[in-house]
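Visitor: Any chance you can model this:
(one chain, ligands or ions: 1)
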Amino acid sequence: MIDVLVIGGGNAALCAALTAREAGARVLLLEAAPRAWRGGNSMHTRNLRCMHDAPQDVLSGSYTEEEYWQDLFEVTAGHTDEALARLVIRGSATCRPWMQRHGVRFQPPLSGALHVARTNAFFLGGGKALVNAYYRSAEAMGVTVRYDTPVDTLELQDGHFVAAVSGGQRFAARACVLAAGGFESNRAWLREAYGQNARGEWPADQFLIRGTRYNQGALLKAMMAAGADMVGDPAEAHCVAIDARAPRYDGGIATRIDCVSLGVVVNQQGERFHDEGEDFWPKRYAIWGHLVAEQPGQIAYALIDAKAQGRFMPPVFAGTQAETPAALAEALGLPQEALLRTLGTYNAACRAGTFDHTRLDDCHTEGLSPPKSHWALALDTPPYTGYILRPGITFTYLGLKVDATAAAHFGGTPSDNLFVAGEMMAGNILGQGYTAGIGMSIGTVFGRIAGARAAAATGQPLTPLS
Ligand SMILES: Cc1cc2nc3c(=O)[nH]c(=O)nc-3n(C[C@H](O)[C@H](O)[C@H](O)COP(=O)(O)OP(=O)(O)OC[C@H]3O[C@@H](n4cnc5c(N)ncnc54)[C@H](O)[C@@H]3O)c2cc1C
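Guide: Residues are numbered from 1 along each chain as shown. You can find the predicted model right below:
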């Protein structure tokens, strides 16, 4: 019989499988995707957020436990489990040598990744190279991997894992790690979670899925049906505004539009609806998906003029360009009169200061609602460019309640052999909000804990994680 069954094929699953194997367990990993699409959302990632008390190879300065914790506390508005969050933060300080032993390589950030050189370690070759390295290492260590194997049913007895079933095939094991992502790819469930708005629209129907199509939430549903303790709100998710031309799945980071803070954003009525210069873009980009989702038709238009060119990471596809705002309105299908009024009012409200995109500068609007608090320059220099935006969902936060051993809970009691890692439990730490790079920190730290605990549940010694 298999000792440890790992369900999922992304970062959290691989960290669990490798750690359980290192502890001596016989490990089988079931990945829903075919081999060519293995790796879940993890293959789209670029970095992980790491605590460090002094400069390290690719990390500058220091990023202490307290600063990391304060950043997390701020973005979640306190909706986080402090003990579990601190476990992740401390684990992020020590996991990189282990990652390197399994073939992951790091690099300094490229330009365009503002403000994260100190806090985030970038993967050489991105998340795709990371998951490939882990798969290579897992196979070399004797972990058995089965692709095209979406688990649909779990057999549990009073919270004790017995077996998993995929298409009628049964996989019994002495312990199990669930690491099968959120439900962000399940359009029917997203529709149900986000509901119908006052205009009679179903906003989630317009969402683009930034990552894998395989995170259907089947195991979250199975665990809910089995009475597992859950955390998080089904309508909480990491959701950004992305290029409306992105594919419905797997567009990845190439579909991001990073010029919002350099211009204005209007809805299809040609009206602004939020402060584009509220804070640094890396701190604000994750609110724009929800903001666009609230607009009529779930669509918005990011508009800039020539002054903004060269000041942001250029999107893969060129925007729509025109020599006048009126021509831009026509090219984008926006109501011309309304857009000209919006731009005229905005331009008149801009109070010139010293423009500096690297700090919260003093270029702001006066007497405008909503205001633009920083980087507010009049849009007056042709050519004008517009990018059409849609909500792009990254991952959902509904998850399974865990403790510091990563054990799933049933009625407050931890399972003795069923553990959870990654997006399936990230909601314990991310009740809302997001700080870049913490998804991979959570998956790496809890993947390793879950793998070690699952191996221990089969009688292997519980080895401390270095
Ligand atoms: C475009 C994009 C960029 C991102 N960039 C970053 C970044 O730079 N840094 C960061 O920290 N986070 C980033 N994230 C978030 C990050 O991807 C996640 O937090 C992290 O990858 C979650 O890892 P995971 O292993 O839990 O899930 P995933 O990597 O999504 O893996 C889930 C796996 O489970 C499999 N699966 C699903 N259902 C089943 C089933 N029923 N049976 C068997 N297998 C199943 C899937 O096929 C998949 O392999 C990004 C996400 C996206 C979409």
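Visitor: Beyond the helix or strand bottoming out on mean pLDDT in the chain, next helix or strand please.
Guide: Here the helix or strand of the chain ranked lowest by mean pLDDT, DSSP states H and E is helix 281-284, holding a mean of 81. As assigned by DSSP states H and E, the chain's next helix or strand after helix 281-284 is helix 288-293.
Visitor: Low-confidence bits of this structure, can you list those?
Guide: Scanning the chain for pLDDT under 70 picks out 111-115.
Visitor: which residues of it fall in helices?
Guide: 11-22, 65-76, 82-101, 126-141, 187-194, 218-225, 281-284, 288-293, 325-332, 336-349, 438-457 (DSSP state H).
Visitor: Can you spell out which helices and strands pack onto the shortest one?
Guide: The elements that helix 281-284 packs onto, with contact taken as 3 or more C-beta pairs under 8 Å, 6 or more residues apart in numbering; DSSP states H and E, do not include any helix or strand. In this view, the C-beta of every residue, glycine as well, is placed from N, C-alpha and C.
Visitor: Run the chain-centre distance for that helix.
Guide: Distance, stretch centre to chain centre, for helix 281-284: 14 Å (C-alpha atoms, centre = their mean, to the nearest Å).
Visitor: export it as CSV, just CAs?
Guide: Taking C-alpha atoms only, helix 281-284 is exported to CSV below (Å, rounded to 0.1, in the frame of the first residue of the first chain):
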residue,chain,number,x,y,z
TRP,A,281,0.7,49.9,-7.7
PRO,A,282,2.0,46.6,-6.1
LYS,A,283,-0.1,47.5,-3.0
ARG,A,284,-3.2,48.3,-5.0
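Visitor: Quickly check: that helix near the ligand or not.
Guide: No. Figure legend: helix 281-284 not in contact with the ligand (C-beta under 6 Å from any ligand atom); closest approach 11.2 Å.
Visitor: Equivalent analysis for stretch 119-130, please.
Guide: No. Stretch 119-130 stays clear of the ligand (C-beta under 6 Å from any ligand atom), getting no nearer than 6.9 Å.
Visitor: Figure out the length between the terminal residues of that stretch.
Guide: Distance between the two ends of stretch 119-130: 19 Å, counting by C-alpha to C-alpha, to the nearest Å.
Visitor: List the buried residues in that stretch.
Guide: 119-123, 126-128, 130 (16 or more other C-beta atoms under 10 Å).
Visitor: Likewise for stretch 142-161?
Guide: 143, 145, 149-151, 153-154, 156, 159, 161.
Visitor: and if you look at stretch 297-309?
Guide: 298-305, 308.
Visitor: Residues of the stretch 201-350 of the chain that sit close to the ligand?
Guide: 210-212, 214-216, 218-219, 252-253.
Visitor: With the stretch 351-466 of the chain instead?
Guide: Taking C-beta under 6 Å from any ligand atom as the criterion, the contact residues of the stretch 351-466 of the chain with the ligand come out as 394-395, 422-423, 437-440, 443.
Visitor: Can you tell me which of those has the most neighbours?
Guide: Highest neighbour count within those: E423, with 35 neighbours (other C-beta atoms under 10 Å).
Visitor: Perfect, I'm done here.
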